[in-house]
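**Q** Sharing a sequence plus its predicted fold:
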Amino acid sequence: MGVVCGNSEPTIEIKDLKFTYPGIDGHPPPGSAPLIQDFSLSLSSGDRCLLVGSNGAGKTTILKILGGKHMVEPGMVRVLGRSAFHDTNLTSSGDLCYLGGEWRRDVAFAGYEVAIQMDVSAEKMIFGVAGTDPERRAELIKVLDIDLSWRLHKVSDGQRRRVQICMGLLKPFKVLLLDEITVDLDVLARADLLKFLRKECEERGATIIYATHIFDGLEDWPTNIVCLNPILNCSMSNFNHNPLLYSMFFYQVYVAHGKLQLAMPIDKVKETSKLSLMVCSVPNLDIGSSL
Ligand SMILES: Nc1ncnc2c1ncn2[C@@H]1O[C@H](COP(=O)(O)OP(=O)(O)OP(=O)(O)O)[C@@H](O)[C@H]1O
């Protein structure tokens, strides 16, 4: 199942994606069920997509496939019309940017792990990224409220994370894949970052997929949601103060070409949660009148 959003050429296109992690011999273990199958999604310039689901649902795997870190058939996943795994220029040019748990080990951050052990300033790290637009750099430093005199070996995890995020966003990406990188940020820093990212989509036409478990402040942020089904088994008490999650939990909503096709209450959702994947867009749901 899948959904097509937006009118322009897709910036991210996933068609009938099927993926199984290889075993120790490099091949999927015989008889193993694919982690991901029959998964399709099309996003366009300006789209901000939330990728949600419980631990182990496959969010990181999907982002890594999109980021070119796992090989799949080139026709299954296209980013900016190209295969991210086969076309390394996509990431090296900065057009495709992946910020996730492993991003510190990416080439751009090769020195970062060393830097945080040593007495290096935030300024040295940030200004050390070549080919940066000074205006964009200044804006990011402001958005992330970074004190350039911070010594990276002495600051808190959240402050260090801000420097990392700043470095990761310095190049004006066309597609950004965020794998829960805001977890160390305080509420204000996260809100400012989300605002900046929204502007990147609205003004520059970037496309963002953001995998997260933290739904606070996201009520009106995404244009699309991809919900991996195990979230439907979560306790209602996690959600009932968050309008976004409330609507997701109470309705299984498919929207294709911007048109609402199906909405149903939670008992129906539970019946249909056997489905391996749900893909939906954020509608302007009026929960009260739809009940
Ligand atoms: N390199 C790997 N080799 C084999 N299996 C893996 C590998 N990486 C992840 N998995 C398995 O794939 C499944 C999905 O993992 P993934 O990290 O994509 O989930 P996730 O939705 O991002 O979870 P979380 O919310 O905990 O970050 C898990 O069962 C995990 O054990």
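**A** Great, that's in hand. Residues are numbered from 1 along each chain as shown.
**Q** And the contacts of the helix or strand hosting Ile126?
**A** Using DSSP states H and E, the element containing Ile126 is helix 122-127. Outside helix 122-127, the residues that touch it by C-beta atoms under 8 Å, 6 or more residues apart in numbering are 112, 115, 137, 141, 146-150, 152, 155, 163, 166-167, 170. No exception for glycine: its C-beta is placed from N, CA and C like everyone else's.
**Q** Try it again at 7 Å.
**A** Residues from elsewhere that reach helix 122-127, judged by C-beta atoms under 7 Å, 6 or more residues apart in numbering: 115, 137, 141, 146-148, 150, 152, 163, 166-167.
**Q** do stretch 58-75 as well
**A** By C-beta under 7 Å, 6+ apart, the residues outside stretch 58-75 that reach it are 12, 15, 17, 19, 35-36, 51, 53, 77, 79, 83-86, 90-91, 96, 98, 100, 177, 179, 209, 211, 228.
**Q** restrict those to contacts with the ligand.
**A** Checked against the ligand using C-beta under 6 Å from any ligand atom, those yield the following neighbours: 35, 53.
**Q** Please list the members of the contacts of stretch 58-75 that lie in strands.
**A** 12, 15, 17, 19, 36, 51, 77, 79, 96, 98, 177, 179, 209, 211, 228 (DSSP state E).
**Q** Quick one: the strands in the stretch 101-250 of the chain, in order.
**A** For the stretch 101-250 of the chain, the strands defined by DSSP state E, counting those that start in this stretch occupy 175-179, 207-211, 224-228.
**Q** could you flag which of the contacts of stretch 58-75 are buried?
**A** Buried members of those, scored by 16 or more other C-beta atoms under 10 Å, are 12, 17, 19, 35-36, 51, 53, 77, 79, 83-85, 90-91, 96, 98, 100, 177, 179, 209, 211, 228.
**Q** okay, and for the stretch 151-291 of the chain, where does confidence drop off?
**A** 229-291 (pLDDT under 70).
**Q** quick one on the thing from earlier: for the strands of the stretch 101-250 of the chain, give me JSON lines that also has distance to Val129.
**A** Formatted as JSON lines, these follow (distance: least, C-beta to C-beta, whole Å):
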{"stretch": "strand 175-179", "distance to Val129": "16"}
{"stretch": "strand 207-211", "distance to Val129": "20"}
{"stretch": "strand 224-228", "distance to Val129": "30"}
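**Q** interface residues of the protein facing the ligand?
**A** So the chain meets the ligand at 21, 35, 53, 55-61 (C-beta under 6 Å from any ligand atom).
**Q** With pLDDT and secondary structure added, can I get those residues in CSV?
**A** Output for the residues of the chain next to the ligand, formatted as CSV (pLDDT from 0 to 100; DSSP: H, G, I helix; E, B strand; the rest coil):
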residue, pLDDT, secondary structure
Tyr21, 89, coil
Leu35, 84, coil
Gly53, 75, coil
Asn55, 77, coil
Gly56, 80, coil
Ala57, 79, coil
Gly58, 84, coil
Lys59, 86, helix
Thr60, 90, helix
Thr61, 90, helix
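**Q** Looking at those, spot the one nearest Phe196.
**A** Lys59 (22.1 Å; C-beta to C-beta).
**Q** Tell me how many other residues surround the closest one.
**A** 23 (other C-beta atoms under 10 Å).
**Q** What of the one 3 residues further on?
**A** Using other C-beta under 10 Å as the criterion, Ile62 is surrounded by 28 other residues.
**Q** Surely it is within a helix?
**A** Yes - Ile62 forms part of a helix when assessed by DSSP: H, G, I helix; E, B strand; the rest coil.
**Q** where's it relative to Glu202, distance?
**A** 24 Å (C-beta to C-beta, to the nearest Å).
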